[in-house]
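Novice: sequence first, predicted coordinates after that:
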Amino acid sequence: MPITDPELIAIVQKRALKKYVCRNCGALNPWGATKCRRCRSKNLRPKHYELGGKR
Ligand SMILES: [Zn+2]
């Protein structure tokens, strides 16, 4: 079932953007994380996708 509601797509895309990537080990961490869940470093950066990611 494809999602066709534009508002829903916007919500989904926003949520997909809300990730942190660990600079130390590259693990994805949930938004709001303060430490990496894999290596527990605090060296996190927000992940920025370009919207409309499928090329
Ligand atoms: Zn890490």
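Specialist: Thanks, I have it.

Novice: ok, L44 - how many residues close by?
Specialist: By the criterion of other CB atoms under 10 Å, L44 has 19 neighbours. (Glycine included, C-beta is placed from N, CA and C.)

Novice: ok, it - contacts?
Specialist: Under the criterion of CB atoms under 8 Å, 6 or more residues apart in numbering, the contact partners of L44 comprise 20-23, 29, 33-36.

Novice: please apply the same query to V12.
Specialist: I3.

Novice: that one belongs to a helix?
Specialist: Yes. Under DSSP: H, G, I helix; E, B strand; the rest coil, V12 sits within a helix.

Novice: what parts of this structure come near the ion?
Specialist: With CB under 5 Å from the ion as the criterion, the chain meets the ion at residues 22, 24-25, 27, 36, 38-39.

Novice: now the helices for the protein?
Specialist: Using DSSP state H, the helices found in the chain span residues 6-17.

Novice: in it, what helix or strand scores lowest on average pLDDT?
Specialist: Taking mean pLDDT, DSSP states H and E as the measure, the chain has helix 6-17 as its least confident helix or strand, at a mean of 79.

Novice: sorry, back to before: which of the contacts of L44 fall within strands?
Specialist: The strands, defined by DSSP state E, take in 20-22, 29 from the contacts of L44.

Novice: closest one of those residues to the ion?
Specialist: Nearest to the ion among the ones in strands among the contacts of L44 is C22, at 3.1 Å by CB to the ion.
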